[in-house]
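J.: just coords:
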């Protein structure tokens, strides 16, 4: 563009010159890498860019040597100026839509693979792995909302556990609202559960949008229709959690949830957590404590820190009501250490408030004030 400043015309000329020196496979890889929002591993680059895995390492090294890509500890990134140039070549080649589709499919597969591990001992390792791909997951979601809404529903549901564990429960709200707007009032066939999850994401994320209020009555209808059709496939665990928290433990919902929950060890532990609260609301404190204790054993056995922390915080409140503030603080501290391992901002804020309450009752106003201040920091971080 001759109207640009000379230094910009010079930059364009330098990149153009470098591009002309590339081989055909190098150009293919360079232009297709532009769909990655936060860099790519060699495995991701090979699959998304459609090149043989055995060739990609050498091609990436060549692009690094030619200053078109930088190696950031095994993740390969482009500077923004290079990325904009190469994205233009992607569009010229007519590969924009197909490469974005391959990118979204890859990160859907990654999120769905990770999801069961997020309820086990390996959850911390998988959270770190998903953290590294956070930008790519969000980019895939944003692209799919309009380009492939069904894939977007599946991906939104698949990353739900990740957001939940990290305490990022408002992160999916704007995308869920936009997606619900695109899809309309009826879920795509076969994706009723994912559609339900999108509604619950907006509800629990605190949205006051009128679209969510209009859709909320359809939650029970979606579940009822599933049962009426003879559906017995269990709900995904994250959907069960969101449904219980978003709609509440009415007698009808408890029965539906019982019928649609899995019977794996994690879900059985979750049952104890849910029934513990129901018994507590009914005034059966001893029964609630027995349920919470059984649930804690279940979550310890599978290695889920989030579930265990939730039960320990419930027990901390229960024993505080009985006047045992020392044990309550010990339980709250243990729960905090668990969610700290997960870096779950919202849960850390909740537990610091619980600890502050105990310190306040014990007369330690300064300690309580300090906990509330830290809780405020975590609450702001979680949105």
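T.: Noted; the coordinates are in hand. Values in this document were obtained by computation on a predicted structure and should not be read as measured data.
J.: all contacts plus neighbour counts: C-alpha atoms, from now on.
T.: OK.
J.: I figured residue 66 hits residue 19, correct?
T.: No: the pair residue 66 / residue 19 is not scored as a contact, 9.4 Å apart, by Cα atoms under 8 Å.
J.: between the two, which one's more packed in?
T.: It is residue 19, of residue 66 and residue 19, that has more neighbours when counted by other Cα atoms under 10 Å, with 18 against 14.
J.: Please tell me how far that one sits from residue 263.
T.: Distance from residue 19 to residue 263, counting by Cα to Cα, to the nearest Å: 56 Å.
J.: And for residue 194?
T.: 21 Å.
J.: Between those two, point out the one with more neighbours.
T.: residue 194 (23 against 12).
J.: quick one, what contacts that one?
T.: For residue 194, the contact set (Cα atoms under 8 Å, 6 or more residues apart in numbering) comprises 153-154, 156-157.
J.: And the strands in the stretch 1-150 of the chain?
T.: For the stretch 1-150 of the chain, applying DSSP state E, counting those that start in this stretch gives strands covering 70-72, 75-77.
J.: Just the residues contacting the last one, thanks.
T.: Which is strand 75-77. Residues contacting strand 75-77 (Cα under 8 Å, 6+ apart): 38-42, 60, 69-71.
J.: what about the closest residue to residue 106 other than its chain neighbours, how many neighbours?
T.: Using Cα to Cα, 6 or more residues apart in numbering and skipping residues adjacent in sequence, the residue nearest residue 106 is residue 48, 6.8 Å away. Neighbours of residue 48 under the rule other Cα under 10 Å: 25.
J.: repeat for residue 142
T.: Residue 142: 18 surrounding residues under other Cα under 10 Å.
J.: so how far is residue 156 from it?
T.: From residue 142 to residue 156 the distance is 10 Å (Cα to Cα).
J.: Over to residue 96?
T.: Remark: distance between residue 96 and residue 156 (Cα to Cα) = 22 Å.
J.: who's more crowded, the two?
T.: Just comparing residue 96 and residue 156: by other Cα under 10 Å the higher neighbour count belongs to residue 156, 28 against 18.
J.: I figured that one was touching residue 198, is that so?
T.: Yes: here residue 156 reaches residue 198: they are 7.3 Å apart, a contact under Cα under 8 Å.
J.: Overlap in contacts, those two.
T.: residue 176.
J.: circling back: compile the contacts of residue 194 into TSV and extend it with columns for secondary structure, pLDDT and distance to residue 186.
T.: TSV is the format used below for the contacts of residue 194 (DSSP: H, G, I helix; E, B strand; the rest coil; pLDDT from 0 to 100; distance: Cα to Cα, whole Å):
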residue	secondary structure	pLDDT	distance to residue 186
153	helix	96	13
154	helix	96	16
156	helix	97	17
157	helix	95	17
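J.: just curious, which of the residues you listed is nearest to residue 52?
T.: Nearest to residue 52 among the contacts of residue 194: residue 154, at 27.6 Å, using Cα to Cα.
J.: where's the closest residue to the closest one other than its chain neighbours, which helix or strand?
T.: Using Cα to Cα, 6+ apart and skipping residues adjacent in sequence, the residue nearest residue 154 is residue 194, 6.1 Å away. Assigned by DSSP states H and E, residue 194 falls within helix 192-204.
J.: That helix - what's its average pLDDT?
T.: Mean per-residue pLDDT for helix 192-204: 86.
J.: Same check on stretch 374-383?
T.: Here stretch 374-383 scores 91 as its mean pLDDT.
J.: Now do the buried residues in that stretch.
T.: For stretch 374-383, a neighbour-count test (16 or more other Cα atoms under 10 Å) marks 375-376, 378-379, 382 as buried.
J.: show me where the stretch 251-383 of the chain has helices.
T.: Ranges of helices in the stretch 251-383 of the chain, per DSSP state H, counting those that start in this stretch, are 251-260, 265-281, 285-302, 305-321, 325-342, 345-361, 365-382.
J.: how about the third one: buried residues?
T.: Residues of helix 285-302 classed as buried: 285, 287-289, 291-296, 298-300, 302 (neighbour count, 16+ other Cα under 10 Å).
J.: contact partners of it?
T.: Residues contacting helix 285-302 (Cα under 8 Å, 6+ apart): 119-121, 265-266, 268-273, 275-280, 305, 307-308, 311-312, 314-315, 318.
J.: Buried among those residues? Make that a ChimeraX selection.
T.: To isolate in ChimeraX the members of these that are buried, counting by 16+ other Cα under 10 Å, one can use:
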select :119,120,121,266,268,269,270,271,272,273,275,276,277,278,279,280,305,307,308,311,312,314,315,318
